[in-house]
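*Asks:* Here is the input, now give the coordinates:
(chains A and B)
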Protein chains: 2
Amino acid sequence: MLKTQTLLAGACALLVASAAQAESAAEAAVDFRQGVMNVYSWNVTAMRRMARGDAPFDLAAFQSHAKDLTAAAGLDVLKGFPEDSVTDESDARDEIWLNWGTFEERHAALKEQAAKLVEVAASGDQAAMKEQFGKTAGTCKGCHDDFKN
Amino acid sequence: MLKTQTLLAGACALLVASAAQAESAAEAAVDFRQGVMNVYSWNVTAMRRMARGDAPFDLAAFQSHAKDLTAAAGLDVLKGFPEDSVTDESDARDEIWLNWGTFEERHAALKEQAAKLVEVAASGDQAAMKEQFGKTAGTCKGCHDDFKN
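*Replies:* Alright, predicted model coming up:
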């Protein structure tokens, strides 16, 4: 009887430890993906301010932000959305996992448009940069509309 | 007199708006740099688990994490540390701004060691990867010891 109790206690301890680890893994995933989104946002916001005339247009800064947005878009952010990673801190909708293929396509669209923005920014043509910036930022909005609370 | 009061009220409104904008800019900077740190952490933690044997060694995953750490190290994170960006949410120490040159060197060291980790990971030599991972993670610790609360 004592042995059974000991075994049960051990099994419970393992279960609790396992649940804590799972929670921690989900939290780490949320921290990572939100970190990536913050990097997107930092760069998009800076370019938006220039594109709208809310800040002086600084070509070198715009090019740097386009480069960094592309680098961030190249990060494997999809790994930050494991299936068990719905937490109170997250605005991710279940639709992400129900429509995973679409979610992947949205990420690919951001990568593609951000890479084009780097190309266009190299030309220094402000009108073209603003147009391509709009397309790039549009991929953020499109994804948020469908997949973010 | 009424005109003076109106002018004063207007000046106050501008001051308040300006303070709010400054706070918001500092918060945005903190969100950005903490986002970058979260991306570092996500990749370093995954590689550390493999290096320590806490997770099965997966060469492709290790290589991907080394690549993403290098991409994140290449982001212009120093722009996320403007001088007025000390907030309650931040663990950044004043030493960052008092020793800015050293802080820049630490960031350069991370970039250099992470890039070497990508090279070593391409070889697939696990012992070499673990050694270079230690050097890379050491640049995180060295910087945190001096510059993070």
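*Asks:* And the pLDDT at the residue positioned nearest the centre of chain A?
*Replies:* The centroid of chain A falls nearest to A:M37 when counting by Cα atoms, centre = their mean (4.0 Å). pLDDT for A:M37: 98.
*Asks:* again with A:L14
*Replies:* 49.
*Asks:* again, but for the one 3 residues further on
*Replies:* On pLDDT, A:A17 comes in at 51.
*Asks:* How about A:L2?
*Replies:* Note for A:L2: predicted pLDDT of 51.
*Asks:* in which helix or strand would I find the closest residue to A:S123 other than its chain neighbours?
*Replies:* Leaving aside its sequence neighbours, A:S123 sits nearest to A:M129 (Cβ to Cβ, 6 or more residues apart in numbering or on different chains; 7.8 Å). C-beta: built from backbone N, CA, C; applies to glycine. A:M129 belongs to helix A:126-147 when assigned by DSSP states H and E.
*Asks:* Pull up the gap between the residue nearest to the centre of chain A and chain B, please.
*Replies:* Between A:M37 and chain B the computed distance is 7 Å (Cβ to the nearest Cβ, to the nearest Å).
*Asks:* do A:E119 as well
*Replies:* 18 Å.
*Asks:* which strands and helices sit next to the helix or strand where that residue lies?
*Replies:* Per DSSP H and E, A:E119 falls inside helix A:100-123. In terms of contacts (3 or more Cβ pairs under 8 Å, 6 or more residues apart in numbering or on different chains; DSSP states H and E), helix A:100-123 is packed against helix A:59-73, helix A:126-147.
*Asks:* helices or strands next to the last one in the packing?
*Replies:* The contact analysis (3+ Cβ pairs under 8 Å, 6+ apart) places helix A:126-147 against helix A:2-52, helix A:95-98, helix A:100-123.
*Asks:* which one of those lies closest to A:A61?
*Replies:* When those are compared by Cβ to Cβ, helix A:2-52 sits nearest A:A61, at 6.9 Å.
*Asks:* hang on, the earlier thing: tell me which of the helices and strands packed on helix A:100-123 sits most buried.
*Replies:* Counting by mean count of other Cβ atoms under 10 Å in any protein chain shown, helix A:59-73 has the highest mean neighbour count of the helices and strands packed on helix A:100-123, with a mean of 21.
*Asks:* now the angle from it to helix B:59-73?
*Replies:* Orientation of helix A:59-73 against helix B:59-73 (axes from the mean of the first three to the mean of the last three Cα atoms, to 10 degrees) gives an angle of 160 degrees.
*Asks:* Which elements pack onto helix A:59-73?
*Replies:* helix A:2-52, helix A:100-123, helix B:59-73.
*Asks:* highest average neighbour count across the ones you listed?
*Replies:* Most buried of these by mean neighbour count (mean count of other Cβ under 10 Å) is helix B:59-73; its value is a mean of 21.
*Asks:* could you give the mean pLDDT of that helix?
*Replies:* Mean per-residue pLDDT for helix B:59-73: 98.
*Asks:* So what's the gap between that helix and the chain middle?
*Replies:* 16 Å (Cα atoms, centre = their mean, to the nearest Å).
*Asks:* Equivalent analysis for stretch A:75-91, please.
*Replies:* 9 Å.
*Asks:* related to what we said a few turns ago, can I get the CA coordinates of the helix holding A:M129 in PDB?
*Replies:* This file holds the C-alpha atoms of helix A:126-147, laid out as PDB (Å, rounded to 0.1, in the frame of the first residue of the first chain):
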ATOM      1  CA  GLN A 126       9.900  58.000 -52.700                       C
ATOM      2  CA  ALA A 127       6.600  57.600 -54.500                       C
ATOM      3  CA  ALA A 128       7.500  54.000 -55.300                       C
ATOM      4  CA  MET A 129       8.600  53.400 -51.700                       C
ATOM      5  CA  LYS A 130       5.400  54.700 -50.300                       C
ATOM      6  CA  GLU A 131       3.400  52.500 -52.700                       C
ATOM      7  CA  GLN A 132       5.400  49.400 -51.800                       C
ATOM      8  CA  PHE A 133       5.300  50.300 -48.100                       C
ATOM      9  CA  GLY A 134       1.500  50.300 -48.400                       C
ATOM     10  CA  LYS A 135       1.500  46.800 -49.900                       C
ATOM     11  CA  THR A 136       3.900  45.600 -47.200                       C
ATOM     12  CA  ALA A 137       1.900  47.000 -44.300                       C
ATOM     13  CA  GLY A 138      -1.200  45.700 -45.900                       C
ATOM     14  CA  THR A 139       0.100  42.100 -45.300                       C
ATOM     15  CA  CYS A 140       0.300  42.900 -41.600                       C
ATOM     16  CA  LYS A 141      -3.300  44.200 -41.500                       C
ATOM     17  CA  GLY A 142      -4.700  41.400 -43.600                       C
ATOM     18  CA  CYS A 143      -3.200  38.800 -41.200                       C
ATOM     19  CA  HIS A 144      -4.300  40.700 -38.000                       C
ATOM     20  CA  ASP A 145      -7.800  41.100 -39.400                       C
ATOM     21  CA  ASP A 146      -8.200  37.300 -39.700                       C
ATOM     22  CA  PHE A 147      -6.000  35.900 -37.000                       C
END
